[in-house]
Each structure stands twice: as C-alpha cells, then as structure tokens.
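J.: Got a predicted structure here, sequence first:
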Amino acid sequence: MGRGIGRYTAALLCAAGLCVGTLSLAAGSNAAKTRPAQGMETGALAGWIVAVDAGHGGYDGGAVGRQSGVAEKGLNLDVARRLARLLQAEGAQVVMTRTDDYALCDEDPPIRKKLQDMQRRAQIVRETGAQVLLSVHMNEYGDAAQSGPQVFYREGCAAGRLLAGALQEALIAGLAPPRERAAMGGDYYILELGIPSALVECGFLSNAREEGLLLDAEYRQRVAEAICAGLLEWAALPGPRPTPLPPAQDA
Ligand SMILES: [Zn+2]
C-alpha cells in the first residue's frame, strides 16, 4: 500500500487560507511528521482537521453530464476546493486527497487501479490525522427524472449517520431542490476508514435541469456553502470529538 505513494502529495491548507507547504507522503515516512501541528486557529472549526475528498480524477472521470458530456471529476474538484476554503475560514485545517486532475494509482498497478487509488486516498486521510471526511461526487442514473442532492454514510456508524443527516438538511435548506432526498447508508470504500465520513452526491448529471445547475459556478459555491453549514451543525453537537485514525503501519 505504501509503495509509490511518494509520487503524490497532499496539500495541507492552513486556517489562514495559505498553503503552508505540501505534505510529502513518502513511503515509510514517519506519520508524525506529516500530521499538522496544532495551531492557534480560531473559529467554529478551530482544532478540526477535515479531509475533503474530490471523487475520481485522471483516467477515471466518473459520471458524465448527459447534455454537456462534462465529467464529474472536474466538478467534484471545484466543489472540493470551494469547500476547503470555506472550512479554512471557519478555522479548520483541511487535507485534500487530490488537488488536481489525476488518479492516485500507478499506470499499471499490481491490484485494480481503482482499489489502489482508494487505498492511497485512505492513506492520506490516515497520515494527516483527519477526524472527519467529506467526499464530493456527482450522481447519475438511467432515469433522467431523478434529481436532488443525497448524502451517504456507512451503515452502522452513528456519528457518520448524524453527519450525513446534518449535511442532507443543509443541502435541502441551501439549495431548495424540487426533490428532497434523505441521507442513506451506502457501501463505499471511502466511508470505511473508521472516522465519521459522508459521501455527498451533489446532484444528478443525468437530470438536465440539475446538470445545468451543477455546471454553474455560483451554484457550486452554494453547494459548498451548504456542505460547510452542515458540517458546522454537526461539529457543534455535544459530545467528544472523533479521534483521528492511528498512523498506518507500512506493509
Ligand atoms: Zn462519483
């Protein structure tokens, strides 16, 4: 799993909105070195390390806009970047699993490319000590009438279910979609890491109206604002903060 990870870096974005340097996730590196130092941030999310995962990338475009042909991967990254800035403004430290248009897998890996890509995203989350993860995606479905943002959590994870519920409510409040969906349990690798995690399907690229909205930068900003608002609601709930994952042992 550690093999070849040194080719990839994850930007660690500080609370001031400046990039304080890139985290080099070299294979065999001491994870403690890659964990953000506890700063003196202020804001509702001060002290939080939030992983923002822009789905797909590189060879893997994800869903495709039925009218436009635009791939999900670029829209995900745009929403993720907007979300990262908003979270930083609230005092969070943000770790992005990818910062440009690439997949995290090797050209010809010994395991499935998609699996290696996901494992490396998980490794970034683990090594940076993130306490919560938000994965950004766009949906598609055969039936073009289906629309509306929808948030998924890992079945059986109570904190993740609360997080997904808060995000779902915030997306409905912020975007007023004609179809109000409910948060649902879902079987996704990225939700299995062991920290509270939610996968946000921002809308359906197979629905002409929603595709038009998602192609609009102002709407994507509203999506990011709604996700940020939902995380703020969840983070303000009483109870102990989730603890980051222990650093992975290099296999
Ligand atoms: Zn996707």
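T.: It's in. Numbers count the residues shown, from 1 in each chain.
J.: Would you map the helices across the stretch 1-150 of the chain?
T.: Counting by DSSP state H, counting those that start in this stretch, the stretch 1-150 of the chain has helices at residues 31-34, 72-89, 113-127.
J.: Not counting its neighbours along the chain, what's nearest Leu77?
T.: Among residues not flanking Leu77 along the chain, Ala54 sits closest, at 4.3 Å (CB to CB, 6 or more residues apart in numbering). All C-beta spots, glycine's among them, are computed from the backbone N, C-alpha and C.
J.: give the contact list for the one you found.
T.: By CB atoms under 8 Å, 6 or more residues apart in numbering, the residues touching Ala54 are Lys73, Asn76, Leu77, Val79, Ala80, Arg81, Met96, Thr97, Arg98, Val136.
J.: The second one: neighbour count?
T.: Going back to what we said before, that points to Asn76. Residues lying near Asn76 (other CB atoms under 10 Å) number 25.
J.: So what's the residue count around Arg220?
T.: Neighbour count for Arg220, taken as other CB under 10 Å: 22.
J.: what about the residue of the stretch 1-150 of the chain found nearest the ion, neighbour count?
T.: The stretch 1-150 of the chain approaches the ion most closely through His137 (3.4 Å), counting by CB to the ion. His137 has 25 neighbours, counted by other CB under 10 Å.
J.: looking at this, Glu155 is in a helix?
T.: No. According to DSSP: H, G, I helix; E, B strand; the rest coil, Glu155 belongs to no helix; its state is coil.
J.: Tell me the backbone dihedrals of it, please.
T.: phi -50, psi 130 (degrees, to the nearest 10).
J.: for it, what are its contacts?
T.: Gly185, Gly186, Asp187.
J.: Up against the ion, what does this protein have?
T.: By CB under 5 Å from the ion, the residues of the chain that approach the ion are Gly55, Gly62, His137.
J.: For those, could you give me a markdown table that also reports pLDDT?
T.: Output for those, formatted as a markdown table (pLDDT from 0 to 100):
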| residue | pLDDT |
| --- | --- |
| Gly55 | 98 |
| Gly62 | 97 |
| His137 | 98 |
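J.: Assess the claim that Leu213 and Gly203 are in contact.
T.: Yes. Between Leu213 and Gly203 there is a contact under CB atoms under 8 Å: 6.6 Å.
J.: the more surrounded of those two?
T.: Neighbour count, other CB under 10 Å: between Leu213 and Gly203, Gly203 has more, with 29 against 19.
J.: Mind pulling up the pLDDT for that one?
T.: If you check Gly203, the pLDDT there is 98.
J.: can you count the residues close to the closest residue to Ala159 other than its chain neighbours?
T.: Once flanking residues are discounted, Ala159 sits nearest to Pro196: 3.9 Å by CB to CB, 6+ apart. Other residues lying near Pro196 total 24 when counted by other CB under 10 Å.
J.: ok, now which ones touch Pro196?
T.: Contact analysis of Pro196 by CB under 8 Å, 6+ apart lists Gln131, Val132, Leu133, Cys157, Ala159, Gly160, Leu162, Leu163, Trp234, Pro242.
J.: mind running it again at 10 Å?
T.: Pro196 sits next to 131-134, 153-154, 157-164, 234-235, 241-242 when contact means CB atoms under 10 Å, 6 or more residues apart in numbering.
J.: Among those residues, name the buried ones.
T.: Buried residues within the contacts of Pro196, defined by neighbour count using 16 or more other CB atoms under 10 Å: 131-134, 153-154, 157, 159-164, 234-235, 242.
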